[in-house]
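# Have a look; sequence and predicted model below, questions after that.
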Amino acid sequence: MKFLTLDLIDWTTAEEIWADQFSQRITEPTRLPDNFFASTLLGIKAGEKEEPLPSLEHLSLSAVSFQSVGMEMIHALNMTRLRILKLWNCPHSLDLLSAIVDSNQTMLLRSLKVVINPAH
């Protein structure tokens, strides 16, 4: 897959719906993962460097939170090989960009667009 576009419309609502469904499926006391997008949708586990999308070049995300993610998310979304990255109203997107810079990895981006709506 070279292109991925994902729009959760409203991160808070998506997270609440997922938490409700998670708690209905789990019968024993279990702590909710910090970030359901990272843990459930991408299968990211702390300390792992999995690349479930190794050929990804164009990534457009809307209302996806980058809270409580680090290098694992950078690897999972193939950030160092992306050519185009668009982040629309993604909570903690500046934390993600900071983690990329702190990793000292070279990025191959031709286009970067980050839109943060202060109302969200």
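On my side now, so go ahead.

# And the one helix or strand residue 75 maps to, what does it pack against?
Taking DSSP states H and E as the definition, residue 75 sits inside helix 71-76. In this structure, helix 71-76 makes packing contacts with helix 93-102, judged by 3 or more C-beta pairs under 8 Å, 6 or more residues apart in numbering; DSSP states H and E. For the C-beta atoms, the positions are set from N, CA and C on the backbone; glycine is no exception.

# List the buried residues for the helix it packs on?
By neighbour count on 16 or more other C-beta atoms under 10 Å, the buried set for helix 93-102 is 93, 95-97, 99-100.

# Next, the distance between the ends of stretch 65-84.
18 Å (C-alpha to C-alpha, to the nearest Å).

# Name the spans of the chain whose pLDDT lies under the cut-off.
Within the chain, the stretches with pLDDT under 70 are 1, 10-11, 14-15, 17-19, 21-50, 68-71, 118-120.

# one more time with 80, if that's ok
1, 6, 8-53, 66-77, 117-120 (pLDDT under 80).
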